[in-house]
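**Q** After the sequence you'll find the predicted model.
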Amino acid sequence: MDPYNRLMARKRELEEMTHTLQERLTTPMTETTDELSFYDQHPGDLASEVYEREKDTGVLELLELEMEKVNDALHQYQQGKYGICEVCGQPIEPARLERMVNTTMCAHCAQERRERYRRPAEEEVLGAGSMSDRGETFQVAGYEYFESGDGSSSG
């Protein structure tokens, strides 16, 4: 399939997913929960429904961003610039365009950008499991975290 048809197929797919999510989000919560009143419901029951709606809203936002990228790629195609890296100006690898039809960078430039991206400091914090693997311990309420109730180590 040629690039234009792949882009159009991706656009149709995104439009369909977006439409489905928009319909789901415009349906009142009373209809999706099959409840006549929220008054007598446990807050946890409603929290699950609110969580699902928030998740759908986030997915919808990602789909709309993806649609913008596809539309930009279609515009690039019409100008004869599709498949050219926006950073170095070299052709983007055909296999990369097959996987990511709306990419604007070659693999080399994308990798360089990824390496420059700084991960949040929180990700450098070690989890309890990796601490235990190195023989380090920590206490919770005066007890070693990996210690069983009888004072022996669990592990």
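**A** Arrived safely, thanks for sending.

**Q** who's in contact with residue 107?
**A** Contact analysis of residue 107 by Cβ atoms under 8 Å, 6 or more residues apart in numbering lists 92-93, 96. (Glycine included, C-beta is placed from N, CA and C.)

**Q** go again using 6 Å as the cut-off
**A** Residues counted as contacts of residue 107 (Cβ atoms under 6 Å, 6 or more residues apart in numbering) are 93, 96.

**Q** same check, this time on residue 90
**A** Residue 90 makes contacts with residue 106, as judged by Cβ under 6 Å, 6+ apart.

**Q** again, only this time at 10 Å
**A** Going by Cβ atoms under 10 Å, 6 or more residues apart in numbering, residue 90 touches 84, 105-106, 108-109.

**Q** Taking those together, which two end up most distant?
**A** 84 and 108 (13.6 Å; Cβ to Cβ).

**Q** Touching both of those two, which residues are there?
**A** Shared contacts of residue 84 and residue 108, defined by Cβ under 10 Å, 6+ apart, are found at 90, 92.

**Q** Just after the longest helix that the chain contains, pick out the following helix or strand.
**A** Secondary structure of the chain per DSSP state H: the longest helix is helix 43-78. Sequence-wise, the next helix or strand beyond helix 43-78 is helix 94-99, with elements assigned using DSSP states H and E.

**Q** helices or strands up against that next one?
**A** Contacts defined by 3 or more Cβ pairs under 10 Å, 6 or more residues apart in numbering; DSSP states H and E place helix 94-99 against helix 3-26, helix 107-116.

**Q** Pull the residues that contact it.
**A** Contacts to helix 94-99, defined as Cβ under 10 Å, 6+ apart, come from residues 1, 3, 6, 73, 82-83, 85, 91, 93, 103, 105-107, 110.

**Q** Where does pLDDT dip in the protein?
**A** 30-45, 123, 125-155 (pLDDT under 70).

**Q** the domain parsing of it - what is it?
**A** For the chain, automatic domain parsing gives the domain ranges 1-82, 83-117, 126-155.

**Q** on that earlier part again, between helix 3-26 and the longest helix of the chain, find me the angle.
**A** Taking axes from the mean of the first three to the mean of the last three Cα atoms, to 10 degrees, one finds helix 43-78 and helix 3-26 inclined to each other by 160 degrees.

**Q** If we go by neighbour counts, what in helix 43-78 is buried?
**A** Under the neighbour-count criterion of 16 or more other Cβ atoms under 10 Å, helix 43-78 has 60, 63, 66-67, 69-70, 73-74, 76-77 buried.
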